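*Asks:* sharing a model prediction with you, sequence too.
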Amino acid sequence: DTEVTQTPKHLVMGMTNKKSLKCEQHMGHRAMYWYKQKAKKPPELMFVYSYEKLSINESVPSRFSPECPNSSLLNLHLHALQPEDSALYLCASSQEFQGRHEQYFGPGTRLTVT
Amino acid sequence: AQSVTQPDIHITVSEGASLELRCNYSYGATPYLFWYVQSPGQGLQLLLKYFSGDTLVQGIKGFEAEFKRSQSSFNLRKPSVHWSDAAEYFCAVGAHTGNQFYFGTGTSLTVIP
């Protein structure tokens, strides 16, 4: 099973709302990633968790708050977002946090901030 | 610094024609190389990967890629394109040691009947 699942598929939220994105994998991978992707652009790395510890935070605004409750789950908590945060948010996982390991992606959450 | 270049922003091919998407990388050592495909509104799907050994790599959906060390290239090919191949294609490189992983800027493929 090489599946990464993400919920919800679509999310519309106002600038004062609080919402969460969820990601799950059951491949036994120890690295999990959040990416932000704008149309026709490559994914931009936001956060990396390795063995359930935050390893990378790519200077992401504090209105995005990641959480890794266990080795299979990854959340992204959203609060007070701006319209420019509207994008496709992708979760990915890999066997380890090493460049030699391919990343497996979920289908993404399409976020619209109004 | 490491980088990945996909020189073609957009390519249009006729259904049944052959396809080649270019990818060039800049890296001190031979990196790990990947090709991903992304259909509209979907996540990225791994097509194939190169780690070492045979420089011609077979992937899913009838794709193959050839690693050429002398040209620092890893071009993706398909002998006969299907309409369902219309998508965005990303080349990626992973560090031989360390955790760096870089995506190219992507090539958008349009397939015309």
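*Replies:* Here it is on my side, so go on.
*Asks:* what residues does chain A put near chain B?
*Replies:* A:4, A:6, A:40-43, A:45, A:48, A:55, A:88, A:90, A:92, A:97-108, A:110 (C-beta under 8 Å from any C-beta of the partner chain). The way it works is simple: take the backbone N, C-alpha and C, and place the C-beta from them, glycine included.
*Asks:* ok, and the closest non-adjacent residue to B:Lys68?
*Replies:* B:Thr55 (7.0 Å; C-beta to C-beta, 6 or more residues apart in numbering or on different chains).
*Asks:* near the one you found, how many other residues are there?
*Replies:* 12 (other C-beta atoms under 10 Å in any protein chain shown).
*Asks:* that one: what's it in contact with?
*Replies:* Going by C-beta atoms under 8 Å, 6 or more residues apart in numbering or on different chains, B:Thr55 touches B:Glu66, B:Phe67, B:Lys68, B:Arg69.
*Asks:* in chain A, which residue is closest to the centre?
*Replies:* In chain A, the residue lying closest to the centroid (C-alpha atoms, centre = their mean) is A:Trp34, at 2.8 Å.
*Asks:* residues touching that one, list them.
*Replies:* Contacts of A:Trp34 (C-beta under 8 Å, 6+ apart): A:Cys23, A:Leu45, A:Met46, A:Phe47, A:Pro66, A:Leu74, A:Leu76, A:Tyr89, A:Leu90, A:Cys91.
*Asks:* checking it next. Helix, strand or coil?
*Replies:* strand (DSSP: H, G, I helix; E, B strand; the rest coil).
*Asks:* got a pLDDT number for residue 26?
*Replies:* By default, I'm working from chain A. Note for A:His26: predicted pLDDT of 93.
*Asks:* was after chain B, sorry
*Replies:* pLDDT, read off for B:Ser26, is 88.
*Asks:* please name the nearest non-neighbouring residue to it.
*Replies:* That would be B:Ser3: by C-beta to C-beta, 6+ apart, it lies 4.6 Å from B:Ser26.
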